[in-house]
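> Using only what follows, build the 3D model:
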Amino acid sequence: MTVEQFPGGHSNLTYLLRFGAREFVMRRPPFGPVPAKAHDMAREYRVLEAVHPVYSLAPRPLVLCEDAGIVGSTFYIMERRRGLVVRDEEPPQLAERPAERRRTSAALVDALADLHAVDIEAHGLGHLGKPAGFVARQVRGWAERWHGSRTSELPEMDALAAWLAGRLPPEPSSPALVHGDFKLDNVMLDARDTGRVIAVFDWEMSAVGDPLVDLGILLCYWVHVSAAAQRDAVASVTHGAGWFTREEIAARYAARTRFDLTRMNFYEVFAVFKLAVVLQQIFYRYRRGQTDDPRFAALGERVAWLARLAASLAEK
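Below you'll find the model as predicted:
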């Protein structure tokens with residue numbers, strides 16, 4: 001057996017396992033102490049087990065091991081898929097090719113719309129979450145995570161938590177499968193046809209609830225010129241000519257789903273707030289010496305930047 005770690009990501013760790021010509025992918029939590037209920041590999045495995053048969057872009061899970069004596073934590077093995085994952089640089093198939101960027105943008109939105117079109121009741125997926133009160137629980141839970149991980153005072157974050165709690169949207173008429181972290185670098189493209197998505201990864205935060213939470217996350221990560229020079233978890237390649245604008249993403253999604261997007265501002269603010277908390281939790285672990293990854297040293301500044309961004313969105 002040979003083992004290689006896949007690059008990218010600030011949270012769970014993903015490895016390529018080779019046994020001669022056979023290849024598999026392993027997922028495990030980050031090293032060191034982790035927050036309670038976070039990085040639940042057993043739950044992610046069971047989500048994939050339920051979702052893969054009805055949404056083929058979810059990889060097929062193969063083995064779950066809850067014996068921490070093997071690698072030091074719970075882990076699972078899934079199939080390997082081959083293609084392009086776009087992170088902080090565009091592959092040649094997309095670089096300086098506006099028409100291909102548009103095709104990729106459209107395919108990404110369509111993959112999200114297709115996920116939200118899965119009939120939960122028909123496929124018996126109700127056990128994956130409790131749709132009633134989903135957004136309220138999300139707002140409350142991420143506010144609690146902020147209070148439990150902050151390393152300095154950041155009034156904007158406290159104000160945002162209150163703003164979100166006071167503006168909860170009504171329950172959606174049709175609860176959907178929610179991925180929880182749907183963004184460009186959690187999607188794999190066909191290397192021979194960048195207008196085709198062949199996999200969606202990282203199902204740790206998936207649930208059943210309000211699908212617009214996913215659209216808010218996608219828009220949050222769709223960073224344009226203002227952040228194009230910042231190469232970290234928030235940066236994106238989508239500032240180039242041809243990539244959809246946020247408005248085009250929302251328009252195509254609305255056309256595909258027929259969902260009402262009149263309250264999208266709430267979901268965008270929540271997505272930026274949530275991302276700030278995710279990065280703050282990582283920074284908290286770094287400050288406590290629970291991880292020594294040098295990439296994490298500047299995350300405190302990124303959290304403050306995101307808090308200001310979310311505050312500006314809330315004022316619109």
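> in this protein, which helix has the most residues?
Looking across the chain with DSSP state H, the single longest helix is helix 264-287.
> The stretch 1-150 of the chain: helices as residue ranges?
41-51, 98-116, 134-149 (DSSP state H, counting those that start in this stretch).
> After the longest helix of the chain, heading C-terminal, what element do we hit next?
Using DSSP states H and E, the helix or strand that follows helix 264-287 towards the C-terminus is helix 299-314.
> Mind giving me the packing neighbours of that next one?
helix 155-165, helix 264-287 (3 or more C-beta pairs under 8 Å, 6 or more residues apart in numbering; DSSP states H and E). (C-beta placed from N, C-alpha, C; glycine too.)
> Let's have these in CSV, adding mean pLDDT, distance to residue 127 and mean neighbour count.
CSV is the format used below for the helices and strands packed on helix 299-314 (pLDDT from 0 to 100; distance: least, C-beta to C-beta, whole Å; neighbours: other C-beta atoms under 10 Å):
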stretch, mean pLDDT, distance to residue 127, mean neighbour count
helix 155-165, 96, 27, 17
helix 264-287, 92, 24, 23
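> Please tabulate these in TSV, including the columns distance to residue 314.
TSV is the format used below for the helices and strands packed on helix 299-314 (distance: least, C-beta to C-beta, whole Å):
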stretch	distance to residue 314
helix 155-165	5
helix 264-287	5
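> closest one to residue 119 among those helices?
helix 264-287 (22.7 Å; C-beta to C-beta).
> you'd agree residue 183 is up against residue 221?
Yes - with contact defined as C-beta atoms under 8 Å, residue 183 counts as touching residue 221 (4.1 Å).
> Nearest spatial neighbour of residue 223, chain-adjacent residues omitted?
Leaving out its chain neighbours, the residue that sits closest to residue 223 by C-beta to C-beta, 6 or more residues apart in numbering is residue 236, at 4.1 Å.
> My error: substitute residue 163 in the last question.
residue 314 (5.2 Å).
> In this structure the one you found contacts residue 270, no?
No - in this structure, residue 314 is not within contact of residue 270 by C-beta under 8 Å, at 9.9 Å.
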